[in-house]
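# Sequence and predicted structure are below.
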Amino acid sequence: MKLGLRWPEWRLPDRVGWRDHVIGAALGLAYVLWLVATARSLGFPRDEGVYFHAGESYVRWWRLLLTTPHEALKPNVIDGAWSFNSEHPPLMKTLFGVSWWFFHEQLHIFQDASTAFRLPGMASAGLALWVTYLFGARAYGRVAGLVGAILLGLMPRVFFHAHLACFDVPITAMWILCVYIHWRAQAEGGYLWAIATGVVFGLALATKHNAWMLPVVCIPHALCVHREAIGKGLRSGQIVIPSSLVMMALLGPLVMYALWPHLWNDPLGRVQAYMQFHLNHEYYNIEFLGRNYFSPPSPKAYLPVMVVATVPSVTLVLAAMGIGERAKLGALRAWSWTRSWVAPAAEERPKADAAQTDLLLALSLLVAIGPFFLPKTPIFGGTKHWMPAYPVLAIFAGHGFALIRRRAHRVLEPRIGKRVWRVAAEVALTLSILLAPLLTTAHSHPFGLSAYVPLVGGTAGGADLGLNRQFWGFTSQTAAAEYLNAHAPRGSVVFIHDTTWDAWSRMQQEGRVRSDLRAAFAPGEADFVLVEHELHMNEVDYSAWVGIGTDAPTYVVQHDGVPIVSIYKRR
C-alpha cells in the first residue's frame, strides 16, 4: 500500500470580507513591529522635538478636562495649552501625547519616550498598508492588493518617514482611507457609508493640510458615478447631491473643530490664520541637480526625477503596466460609447464599472502630485509632501504584478504538471518582484533621506547627480553619536550644527549620547565640530576649519562611501 501526501486545498471566498481585514491587519502589524524594532537607530529630525512638546501640552489639557472640566474650558487655559504649534492640526500631536502618557509614563511599555511618541505615526503606516490591501483586493483582486500593500511599505522614503512622530505618513493613511470609504459609499449607498466618509474626511482635515485637496478627488468622481440620477433630477427641477458629499461638507469641518480646541475661542480668525500660514509658507533650502533652491520658481522636473530616484524601479515598472492596462481598457470603453457605429458587438464590449474605480484612483494620484508642478509650491520636504499618491501607485503596481502572474500561469501550467513545482514557480515570481525593494529599503536605514535606488547609482549616484543628501539635522545622532560616546574626553563641548537643542537633549535623556557632553552653537566654542553635508551649508565647513584649527576630519559618517556627517576635533 502506498501512502501519498496531498497539498491541502484551501482558498478564500471570492467575496472580499472579514478574512481580508485579518490579512490586511496582520500585514500592517508586521510592518509596525519592523518600524518599532528599528526606531532607536534613527535620530530626531527637527520637527519631531516640536511635536513631542505639543503632544505633552495637549494631553495635559485633555487630562485636565477629564478631572476639572470647568477649569480646562476657560479661554485662557485653552489658549495656553493649544497655542503651541497651532500652525498644524491637532490629531496626530494629540495621539503622540496620549501614546507617550500611557505607554511610557504609566504602563512603562517603552523605555524610550521617543518610541512612545512615535508609535501613532508607525500605526498609521500599518493602517495605510491595511487599507491599500483592501482597496486593491476589492478593485483588482487579492494578489494586486497584497503585492501593492507590500510594495508601499518597501519604499525607502515611506519607511523612513513611517518611523517619525510627524504628519506625512499619517495623512497618507488618512488620504487613502478617505478615498476608499468614499468609493464604498458610492458603491454601497446608504447613510452609514456617507457618514463614515464625512467623519474620515474630518479626521484627515485634523491631520494635515493636504486634506484640503480631497474634495477635488471626491466631488468629480461622485458626480460621474451619479450622473444619470443628477441629470434626471435636473430635468425634473430638482438638485440631486450625493449624500457622501453632503456629509463631507457638514461633518468634516465639525470633526476638525471638535478635535482642535485652539479654534474654539476664535473659529474664523484662527482658521484663516492657519490657511494663510500654509498658503504663504516660507521657502526653505533644498538641493536639486546640483543647485540650491531657496525661492520660487520650483523646478518642474523635481517631482518626476525624485520619484524615479527614490521609488524602487520595479515598483514603477509594475505601476506603469497596471496604469497602461487600465488606460487601454478605459479608452476602449470610451470608444465604444462615443462611436457606437464602429463599436464591437455587445458581448465584446468592455464591462462598465459603475463605481468608476479607475477614474477615482487616477484622480487621487493626479491631485496628490499636481501642486508640485506649480512654480510657487515649495519643495523643501523632498518626497514626503506627495506621499499620499503612493498608495494608489502601489495599487496599480500590484495590478501590474497580477497581470504578469496571469500571463505566467497561462504559459507555465501546460508545462508544469506537479503542483509543488507550480507553487515553487509562484514563489520565485513573487520574490523576483519583492526582493529588490526589500533589500533597498533595509539598506537605506537609518539614512533614508540620503539613499537613492540603484537605477541612479544608489546613494553615491544621488550625490553625483546633486540630489539632496539630507535635511532636518537627524544624521548627527546616528554613527556620529556612537563616535563621540567612544572617543570624546569627558566634558567635551560639541558643535551640533543643524541638530536642534531638543533633539540633543532627548538623545542624552535616552542614553544615546553621553550626558557629560555639552552642546555649543558656534564652531569656535567647541572641542568637536559636527558638519552635516548639505549644499547650502558648505560655509559651515570653512567655519569649522577656522574655528577649530584643522581642515581634516577625524571621523566621517558615510553611507555607501558618501560623506553624510564630518566630525572635526580641535588640535
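Noted; the coordinates are in hand. Residues are numbered from 1 along each chain as shown.

# Excluding sequence neighbours, find me the nearest residue to residue 518.
residue 493 (4.9 Å; Cβ to Cβ, 6 or more residues apart in numbering). (C-beta placed from N, C-alpha, C; glycine too.)

# Around the one you found, count how many other residues there are.
Applying other Cβ atoms under 10 Å, we find 15 residues neighbouring residue 493.

# what about it, distance to residue 511?
Plainly put, residue 493 is 20 Å away from residue 511 if you go by Cβ to Cβ, to the nearest Å.

# Which pLDDT does the model give the closest residue to residue 300 other than its chain neighbours?
The shortest distance from residue 300 to any non-neighbouring residue, by Cβ to Cβ, 6+ apart, is to residue 373 (5.6 Å). For residue 373, the pLDDT comes out at 93.

# Residue 373 reaches residue 303, doesn't it?
Yes: with contact defined as Cβ atoms under 8 Å, residue 373 counts as touching residue 303 (6.8 Å).

# Looking at those two, which one has more neighbours?
Taking neighbours as other Cβ under 10 Å, residue 373 and residue 303 compare with residue 303 leading, 21 against 13.

# Just confirm the more buried one is within a helix.
Yes: counting by DSSP: H, G, I helix; E, B strand; the rest coil, residue 303 is found in a helix.

# With residue 302 as the reference, measure out to the closest residue to it other than its chain neighbours.
Distance criterion Cβ to Cβ, 6+ apart; nearest residue to residue 303, sequence neighbours excluded, is residue 372 at 4.4 Å. Distance from residue 372 to residue 302, counting by Cβ to Cβ: 7 Å.

# Can you find which strand in the protein contains the most residues?
strand 562-569 (DSSP state E).

# For that one, name the packing helices and strands.
helix 458-465, helix 479-487, strand 528-532, helix 538-548, strand 555-559 (3 or more Cβ pairs under 8 Å, 6 or more residues apart in numbering; DSSP states H and E).

# Among those, which comes closest to residue 291?
Closest to residue 291 of these is helix 458-465 (Cβ to Cβ; 11.3 Å).

# shaky segments in the chain?
The chain contains residues with pLDDT under 70 at 1-10, 337-350, 415-419.

# any chance you could map the strands in it?
According to DSSP E, the chain carries its strands in the segments 286-288, 291-293, 493-495, 518-520, 528-532, 555-559, 562-569.

# For the second one, name the packing helices and strands.
Yep, that's strand 291-293 we're talking about. In terms of contacts (3+ Cβ pairs under 8 Å, 6+ apart), strand 291-293 is packed against strand 286-288.

# rewinding a little: give me every residue that touches the residue nearest to residue 303.
Counting by Cβ atoms under 8 Å, 6 or more residues apart in numbering, residue 372 touches 298, 302-303, 379, 385-386.

# mind giving me the domain ranges of the chain?
Split into domains by automatic domain parsing, the chain comes to 18-388, 475-569.

# The closest residue to residue 134 other than its chain neighbours and residue 380, how far apart?
Among residues not flanking residue 134 along the chain, residue 24 sits closest, at 5.4 Å (Cβ to Cβ, 6+ apart). Residue 24 sits 33 Å away from residue 380, going by Cβ to Cβ.

# so how many other residues sit close to the residue nearest to residue 515 when sequence neighbours are not counted?
Leaving aside its sequence neighbours, residue 515 sits nearest to residue 508 (Cβ to Cβ, 6+ apart; 5.0 Å). Neighbour count for residue 508, taken as other Cβ under 10 Å: 17.

# List the buried residues of stretch 431-447.
Across stretch 431-447, burial judged by 16 or more other Cβ atoms under 10 Å covers 433-434, 436-437, 440-441, 444-447.

# Buried residues, stretch 238-254. List them.
Within stretch 238-254, the residues that count as buried by 16+ other Cβ under 10 Å are 240, 242-245, 247-248, 251-253.

# and these as a markdown table, adding distance to residue 101?
Formatted as a markdown table, these follow (distance: Cβ to Cβ, whole Å):
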| residue | distance to residue 101 |
| --- | --- |
| 240 | 47 |
| 242 | 40 |
| 243 | 38 |
| 244 | 35 |
| 245 | 37 |
| 247 | 32 |
| 248 | 32 |
| 251 | 28 |
| 252 | 28 |
| 253 | 28 |
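
# Pick out the most distant pair among those residues.
Longest span within the buried residues of stretch 238-254, Cβ to Cβ: 240 and 253, 22.7 Å.

# hang on, the earlier thing: of the buried residues of stretch 238-254, which belong to helices?
Of the buried residues of stretch 238-254, the ones assigned to helices by DSSP state H are 243-245, 247-248, 251-253.

# ok, so of the residues you listed, who is nearest residue 215?
The closest of those to residue 215 turns out to be residue 248 (Cβ to Cβ; 6.7 Å).

# Tell me who's in contact with the nearest residue to the closest one once chain neighbours are set aside.
In this structure, residue 248 finds its nearest non-sequential neighbour in residue 201, 4.7 Å apart by Cβ to Cβ, 6+ apart. Residue 201 sits next to 178, 211, 214, 248, 251-252, 255 when contact means Cβ under 8 Å, 6+ apart.

# now the helices for the stretch 251-400 of the chain?
Remark: helices assigned in the stretch 251-400 of the chain by DSSP state H, counting those that start in this stretch are 267-279, 302-310, 313-338, 357-369, 390-412.

# Same list, those helices, but as a markdown table with distance to residue 291 please.
Formatted as a markdown table, those follow (distance: least, Cβ to Cβ, whole Å):
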| stretch | distance to residue 291 |
| --- | --- |
| helix 267-279 | 25 |
| helix 302-310 | 11 |
| helix 313-338 | 25 |
| helix 357-369 | 22 |
| helix 390-412 | 26 |
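
# To residue 455, which of the ones you listed lies closest?
Of all the helices of the stretch 251-400 of the chain, helix 313-338 comes closest under Cβ to Cβ, at 4.6 Å.

# Show me how far that closest one is from its chain's centre.
Helix 313-338 sits 25 Å away from the centroid of its parent chain (Cα atoms, centre = their mean, to the nearest Å).

# Would you mind listing the residues in contact with residue 374?
residue 298.

# Now it: phi and psi?
With angles defined as degrees, to the nearest 10, residue 374 sits at phi -90, psi 140.

# returning to what we had before: contacts for the longest strand of the chain, please.
Residues contacting strand 562-569 (Cβ under 8 Å, 6+ apart): 447, 450, 459-460, 462-463, 469-470, 475-476, 478-480, 483-484, 523, 527-533, 541, 544-545, 548, 550, 552-558.
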